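A.B. asks: Below is the structure, and that's it, no one-letter string:
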Ligand SMILES: [Zn+2]
């Protein structure tokens, strides 16, 4: 590791759980972040700052003025530009040592599959049920760890599913097969610190996966900012699940 890298990561290398070896593992990791909204901008910024060496960022949407209150990588001058392209630019400014790839097209299942097979960890930061189920199925089939986040109003969820382990449930085991229309932030509202918290939590789960440190058996965390309550669940596989059963 170069001197400037040692300096850049010094505040996390000093943690005994990370150390030089852990930092090397982080630098070698390939991660994909799907969806660059309130969650995805936070996750990708933290992964870049911590030194995840290869990050693919995906979003076909353009930046709108209503995004700016929570999508922390974007400024007023970015309005109208594609989210993935701008995210790549910003991540490269944060940490020029990284390989960042921007995917600015709408993803179908085949494209998603070809992207995910190359990755070590998959971050689902989308706000759409259909693509969530597709990402889940592709991660199950490719045995890729999936960190899925969602936030609406004052509440958020983080789901950590490690499909390299046989006993892991999948998204469909937990939420069933019904693809209902997801509640949208434009209708129900969202608070920036809630997406910030959930995105940060997803980044933490990514790092613990890389370091092979699972501190609790819980795979679902539910956070309610109004009551400051955190609930943890250890959900089990559905043996008759059509995706992973
Ligand atoms: Zn399942």
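C.D. replies: Sure, I can see it. Please read all numbers here as calculations on a predicted model, not as lab measurements. Residues are numbered from 1 along each chain as shown.
A.B. asks: going forward, measure contacts between C-alpha atoms and count neighbours the same way
C.D. replies: Will do.
A.B. asks: just the strands in the protein please.
C.D. replies: Secondary structure of the chain, counting by DSSP state E: strands at 30-34, 54-58, 99-103, 121-124, 146-152, 155-161, 220-224, 229-233.
A.B. asks: nearest to the ion, of the ones you listed?
C.D. replies: strand 155-161 (10.4 Å; Cα to the ion).
A.B. asks: which bits of this structure sit near the ion?
C.D. replies: Applying Cα under 5 Å from the ion, we find that the chain lies next to the ion at 170, 172-173, 241, 244.
A.B. asks: In CSV, list the strands of the chain along with mean neighbour count and mean pLDDT.
C.D. replies: Formatted as CSV, these follow (neighbours: other Cα atoms under 10 Å; pLDDT from 0 to 100):
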stretch, mean neighbour count, mean pLDDT
strand 30-34, 23, 98
strand 54-58, 24, 98
strand 99-103, 19, 98
strand 121-124, 26, 98
strand 146-152, 25, 96
strand 155-161, 23, 96
strand 220-224, 18, 96
strand 229-233, 12, 95
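A.B. asks: With distance to residue 24 as extra columns, can I get these in CSV?
C.D. replies: CSV is the format used below for the strands of the chain (distance: least, Cα to Cα, whole Å):
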stretch, distance to residue 24
strand 30-34, 12
strand 54-58, 13
strand 99-103, 15
strand 121-124, 16
strand 146-152, 21
strand 155-161, 23
strand 220-224, 28
strand 229-233, 31
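A.B. asks: Which among those strands is found nearest to residue 184?
C.D. replies: strand 146-152 (7.5 Å; Cα to Cα).
A.B. asks: one step back: distance to residue 154 and neighbour count for the residues of the chain next to the ion - can I get that in CSV?
C.D. replies: Below are those laid out as CSV (distance: Cα to Cα, whole Å; neighbours: other Cα atoms under 10 Å):
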residue, distance to residue 154, neighbour count
170, 25, 28
172, 24, 20
173, 25, 20
241, 31, 16
244, 31, 21
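A.B. asks: In JSON lines, list these along with pLDDT.
C.D. replies: Shown next, in JSON lines, are those (pLDDT from 0 to 100):
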{"residue": "170", "pLDDT": "94"}
{"residue": "172", "pLDDT": "92"}
{"residue": "173", "pLDDT": "91"}
{"residue": "241", "pLDDT": "93"}
{"residue": "244", "pLDDT": "91"}
